[in-house]
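> predicted model and sequence below, questions to follow.
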Amino acid sequence: MYDLPAIEAALNGTLFAGKLHFCPTTRSTNADAMEAARRGAPEGSVFLTDEQTAGRGRGDHGWSSAAGEGLYVSALFRLEITSSRLLPMAAGLAAADAIRTAAGQIVDLRWPNDLLIGERKVGGILVEAHAETSGTVFAVVGVGVNVHQREFPPDLSTPATSLDLAAGKRVSRSALLVVLLKSLEREARGLDAPEAARAIPARMDQASSWVRGRRVEVHGPQACSGVTDGLDELGFLRVRTEKGVVQVRTGGIRAAERD
């Protein structure tokens, strides 16, 4: 179980201090956070659970959320509209930094939202945003990380792993949560600084083996296949296809079969 008093104490002085909401079981922390945001919940509200019964990834894909085995958390931010476009990549960088700190593992970021250790998926990010009348957006950053799992569903599109398996030791979910939230705050606040915001795509390029020179298949509305050719200034993925360069704004990528 989470050591909630210790987590609260560790978050003193951060955006999240006094705003942690824990529920042992819920359908989805992102759904909880979105509902709270519509009711006016303050920025920095955090929704944490031990088990999700209807966890979601991008495109409404299910996310297996076994009780007591993973980190399932969503945090609420309010940002300028232009800043919010880079939040998914900033969240990926924050999650990679947290996993490196808490578990000593290097994460490969598969555009736009997958966290990989080697060729195996260890986590994912789901960012959902809604425009407000003030000209800002509220954005919910949901992060799911496999921590203690030893077994996984057999029908996964990408083989999975957990932090315990990768690190060869038991990793503390409480410690991972604290460093993740602090990393998320640092990255989200950095989006307010133009120079730091402009650096996000280049940092993603450095942190990912997928965004440049990788033969991929794109799934979603812009389905195509080709070789990745970096990110543009907004973080959209460029893919060189036989018919030219496609700027992929939404969807996901997988390694092409002949890669």
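Nice, I can see it. This is a predicted model, so every value here is computed, not measured.

> so where's the stretch 1-150 of the chain shaky on pLDDT?
By pLDDT under 70, the low-scoring segments of the stretch 1-150 of the chain are 55-64.

> in it, which spans are helices?
Assigned by DSSP state H, counting those that start in this stretch, the stretch 1-150 of the chain shows helices spanning 4-10, 29-38, 81-84, 87-103.

> nearest residue to Ala255 other than its sequence neighbours?
Nearest non-adjacent residue to Ala255, counting by Cβ to Cβ, 6 or more residues apart in numbering: Val216, 6.3 Å away. Where you see a C-beta, it was placed from the backbone N, CA and C, and this is true even at glycine.

> my read is that the one you found contacts Thr228, right?
Yes. In this structure, Val216 is within contact of Thr228 by Cβ atoms under 8 Å, at 5.8 Å.

> residues that sit against both of the two, list them.
Residues touching both Val216 and Thr228 by Cβ atoms under 8 Å, 6 or more residues apart in numbering: Trp210, Val239, Ile253.

> now do the last one against Glu185, distance only.
It stands for Ile253. 29 Å (Cβ to Cβ, to the nearest Å).

> neighbour count winner among those two?
Remark: of Ile253 and Glu185, Ile253 carries more neighbours, 22 against 18, as counted by other Cβ atoms under 10 Å.

> check the secondary structure at the more buried one for me.
Assigned by DSSP: H, G, I helix; E, B strand; the rest coil, the conformation of Ile253 is strand.

> in contact with the closest residue to it other than its chain neighbours, which residues?
Distances taken as Cβ to Cβ, 6+ apart place Val216 nearest to Ile253, at 4.3 Å, with adjacent residues excluded. Residues near Val216 by Cβ under 8 Å, 6+ apart: Trp210, Ser225, Gly226, Val227, Thr228, Val239, Ile253, Arg254, Ala255, Ala256, Asp259.
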